[in-house]
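# Sequence plus the predicted model coming up.
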Amino acid sequence: MRSLRISLILGVVAALIGLSATAAPAADDREYVKYYQVSAAYRGAPENLTEIATRFLGDGARSAEVFNLNRDRRQPDGGKLTDPARLQPGWTLQLPWDAVGAEVRYGLLPGSAPAAATPPAAPSTPAAPTSTRVPATPSSAGPAKPTRPAGCTAVAASTSRSDWAGLRLAADQAWPQSRGKGQIVAVVDSGVEASHPQLAGHVAAGEDVVTGTGRGDTDCFGTGTAMAGIIAAQPGKNEQGAVTGVAPDATVLPIRVVGGESRTKAADAAKGIDAAVRSGATVIAVGSSVDLADKGVTAAVAEAVKKDVVVVHGAQVGSAPAAEALVGVLRAGGVGVNGKGAADYRSGGVDVVAPGVNVSSLGPRGLTTASGTQYAVAFVAATAALVRAAYPELDAGQVTHRVQVSADKMGDDRQPDATFGWGMINPAVAVTLVLPEEAEAAPSSTEQEIATSGGGRSGGQVMLLVLVTLGALGGAVFLAVRIRRLLSA
């Protein structure tokens, strides 16, 4: 009997051990990432890491980062990436979180997910997301708590640091004149992670255009958060002290137009711009995922400017025709510390440039350093916010003009230059430069006093005032003539 009890106990223990052993693999803590599948050729030539980094990250030098992400990982065909110069068609390459392009995908790397893994839910799925998370610091607008869209998993970010952008622009030199107070800068991109300590109190609830419901104050991809950090990150709350926004008193309005893929539907982009205008944005920063050649997007931009909103978008690249220069719109190009462009921008399609290569900002999980035109867009939009706060009487066209003419000249002696436009933005000069054309356009103090004092007078009273003035002038002229005659005599 005793041996039977022992056997039963051992059996139960074995069953428990077996249960725990079979239950363990059910948990999968692998993150969703951005990735690209290598094709047989690109533009008639075999693909390589430098070309891929240039296409999706805006900087061929970041090929080393792509290599390190994928080195020695087994590919679907059993091979491994050991030589940066040798890629096989069909291989999947994990990309840094800020990669942007129509062929960039988001999810678990093909072949790396367990058999029981469930793919991310589509944005329109009504069921509650399993990764819903309440940020530690809710955004200031709206009582509801922000939640992540279905299938959203924050991606890891690079932790390298680069200070050159902040040192080059020296935005703090503009702060005695303006810190962007009262300005609402819409970021039309992937949303913004409002829970980040350096953005606390400076991110509105926003809107999620992709799903048609919900807010925009969470971020799956990270590009929107990085743009927001460039615009309004608060100083003194980062241990490394590497990131402070150009306009720290401004408020960021997150408009999510990026869904399951890093490319935005044109209709969503146009709706996002319209939503930013409806929500009171004074400046709109358009992310690089938006197709600016689409007629609907172009119409939305024109309507925003018509309603006195400054719109900043990235200069177009490659074979796409350069967007037309418009009053109230700034076409931004990104450059590195050496002045080299972040992308192959169309000649004559750049209004101003700003840092866009190796730029440090905020990521979903802390400090990150990345490259891309969208970061230049954020710098320019923040500078426009400084100008709007310093000169509230200026309209959108005058604001963009001030940002342009205050830029540091780059390229040849002509402005705008075919490559760099008016040059590198200069926040401090943008808010202090004296422009005669603004003085001419604005009414003088005397005109304002007359307009104010005469606003409640009748037409007869105004005419009487004019007659009295003319009579006084006539008497002065008569008196001058009599004095001249007396002196002659």
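Thanks, I have the structure now. Residues are numbered from 1 along each chain as shown.
# residue ranges of the strands in the stretch 1-150 of the chain, please?
33-37, 92-95, 105-107 (DSSP state E, counting those that start in this stretch).
# Could you point out which of those strands sits nearest residue 318?
Each of the strands of the stretch 1-150 of the chain has some distance to residue 318 by CB to CB; the shortest is strand 33-37, at 17.5 Å. All C-beta spots, glycine's among them, are computed from the backbone N, C-alpha and C.
# What helices and strands are in contact with that closest one?
Secondary-structure packing of strand 33-37 (3 or more CB pairs under 8 Å, 6 or more residues apart in numbering; DSSP states H and E): strand 92-95, strand 105-107.
# what pLDDT, on average, does the first one get?
What it means is strand 92-95. Strand 92-95 shows a mean pLDDT of 91 in the predicted model.
# residues in contact with it?
Where contact means CB atoms under 8 Å, 6 or more residues apart in numbering, the residues beyond strand 92-95 that reach it are 33-38, 49, 52, 56-57, 66, 69-70, 73, 75-76, 81, 87, 104, 109-111.
# Does residue 252 touch residue 187 like I think?
Yes - between residue 252 and residue 187 there is a contact under CB atoms under 8 Å: 5.8 Å.
# intersection of neighbour lists for the two?
In the contact map built from CB under 8 Å, 6+ apart, the residues linked to both residue 252 and residue 187 are 228, 231.
# neighbour count winner among the two?
Neighbours were tallied for residue 252 and for residue 187 using other CB atoms under 10 Å; the higher tally belongs to residue 187 (38 against 35).
# Direction included, what does the one helix or strand the more buried one maps to pair up with?
Secondary structure assigned from DSSP states H and E places residue 187 in strand 184-189. Strand 184-189 sits in its sheet next to strand 251-256 (parallel), strand 283-286 (parallel), going by DSSP bridges.
# Tell me which of those sits nearest to residue 183.
strand 283-286 (6.3 Å).
# can you list the residues that contact the helix or strand just after that closest one?
Per DSSP H and E, strand 283-286 leads on to helix 295-306 as the next helix or strand towards the C-terminus. Contact with helix 295-306 is made by 266-267, 269-271, 273-274, 276-277, 284, 286, 290-292, 311, 313, 323, 326-329, 396-397, as judged by CB under 8 Å, 6+ apart.
# same thing but 6 Å
Residues external to helix 295-306 that are found in contact with it (CB atoms under 6 Å, 6 or more residues apart in numbering): 266, 269-270, 273-274, 277, 311, 328, 396.
# Alpha carbons of stretch 331-350, as PDB, please.
Output in PDB follows, covering the C-alpha atoms of stretch 331-350 (Å, rounded to 0.1, in the frame of the first residue of the first chain):
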ATOM      1  CA  ARG A 331       9.400  72.100 -48.000                       C
ATOM      2  CA  ALA A 332      12.100  70.800 -45.700                       C
ATOM      3  CA  GLY A 333      15.200  68.900 -46.600                       C
ATOM      4  CA  GLY A 334      17.400  67.000 -44.100                       C
ATOM      5  CA  VAL A 335      21.200  67.300 -44.000                       C
ATOM      6  CA  GLY A 336      24.000  65.800 -41.900                       C
ATOM      7  CA  VAL A 337      26.800  67.500 -40.100                       C
ATOM      8  CA  ASN A 338      28.800  67.600 -43.300                       C
ATOM      9  CA  GLY A 339      26.000  69.200 -45.300                       C
ATOM     10  CA  LYS A 340      25.200  66.100 -47.200                       C
ATOM     11  CA  GLY A 341      21.500  65.500 -47.800                       C
ATOM     12  CA  ALA A 342      19.600  62.800 -46.000                       C
ATOM     13  CA  ALA A 343      18.000  61.800 -49.300                       C
ATOM     14  CA  ASP A 344      18.200  62.600 -53.000                       C
ATOM     15  CA  TYR A 345      16.000  65.700 -53.100                       C
ATOM     16  CA  ARG A 346      14.700  67.100 -56.300                       C
ATOM     17  CA  SER A 347      16.600  70.200 -57.500                       C
ATOM     18  CA  GLY A 348      14.700  73.300 -56.700                       C
ATOM     19  CA  GLY A 349      12.300  71.400 -54.400                       C
ATOM     20  CA  VAL A 350      13.800  72.500 -51.100                       C
END
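# So which bits of it are buried?
Counting neighbours by 16 or more other CB atoms under 10 Å, one finds that the buried residues in stretch 331-350 are 331-336, 341-343, 345-346, 349-350.
# Domain-wise, how is the protein divided?
Domain assignment of the chain by automatic domain parsing yields the ranges 33-107, 164-435, 443-473.
# and among those domains, the most buried is which?
Using mean count of other CB atoms under 10 Å, the stretch among the domains of the chain with the largest mean neighbour count is domain 164-435, at a mean of 23.
# where are the low-confidence patches of the stretch 251-400 of the chain?
260-263, 320 (pLDDT under 70).
# circling back: residues in contact with the strand holding residue 187: which ones?
By CB under 6 Å, 6+ apart, strand 184-189 touches 223-224, 227-228, 231, 250-255, 257, 272, 276, 280-287, 381, 385.
# can you list the helices and strands packed on strand 33-37 in CSV and add distance to residue 177?
Written out in CSV, the entries for the helices and strands packed on strand 33-37 read as follows (distance: least, CB to CB, whole Å):
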stretch, distance to residue 177
strand 92-95, 40
strand 105-107, 42
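# out of the ones you listed, which comes closest to residue 366?
Put simply, out of the helices and strands packed on strand 33-37 the one that sits nearest residue 366 is strand 92-95, at 19.0 Å, with distance taken as CB to CB.
# Neighbouring strands - and their directions - for that closest one?
Short version: by DSSP bridges, strand 92-95 pairs with strand 33-37 (antiparallel).
# Using CSV, write down the CA coordinates of the strand it pairs with.
Once non-C-alpha atoms are left out, strand 33-37 reads as follows in CSV (Å, rounded to 0.1, in the frame of the first residue of the first chain):
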residue,chain,number,x,y,z
VAL,A,33,9.9,44.7,-35.6
LYS,A,34,10.3,46.4,-39.0
TYR,A,35,11.8,44.2,-41.7
TYR,A,36,12.5,44.0,-45.4
GLN,A,37,12.6,41.0,-47.7
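# which residues touch it?
Where contact means CB under 6 Å, 6+ apart, the residues beyond strand 33-37 that reach it are 92-95, 99, 103-106, 109, 155.
# redo that, cut-off 7 Å
Applying CB atoms under 7 Å, 6 or more residues apart in numbering, the contact partners of strand 33-37 are 52, 56, 90, 92-95, 97, 99, 103-106, 109, 155, 262.
# sorry, back to before: for residue 164, which of the helices and strands packed on strand 33-37 is the nearest?
With distances scored as CB to CB, the stretch of the helices and strands packed on strand 33-37 nearest to residue 164 is strand 92-95 (23.5 Å).
# so what's residue 225 up against?
For residue 225, the set of contacting residues under the criterion of CB under 7 Å, 6+ apart consists of 192-193, 196, 219, 362-364.
# and with 8 Å instead?
Applying CB under 8 Å, 6+ apart, one finds that residue 225 lies in contact with 190-193, 196, 199, 219, 361-364.
# Okay, helices next: where are they in the stretch 1-150 of the chain?
Along the stretch 1-150 of the chain, the stretches classed as helices by DSSP state H, counting those that start in this stretch are 2-23, 49-57, 63-70.
# One more: the stretch 301-450 of the chain?
Remark: helices assigned in the stretch 301-450 of the chain by DSSP H, counting those that start in this stretch are 373-390, 396-405, 427-430, 436-441, 445-453.
# Next, format those as JSON lines and append distance to residue 212.
Below are these laid out as JSON lines (distance: least, CB to CB, whole Å):
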{"stretch": "helix 373-390", "distance to residue 212": "24"}
{"stretch": "helix 396-405", "distance to residue 212": "29"}
{"stretch": "helix 427-430", "distance to residue 212": "37"}
{"stretch": "helix 436-441", "distance to residue 212": "42"}
{"stretch": "helix 445-453", "distance to residue 212": "47"}
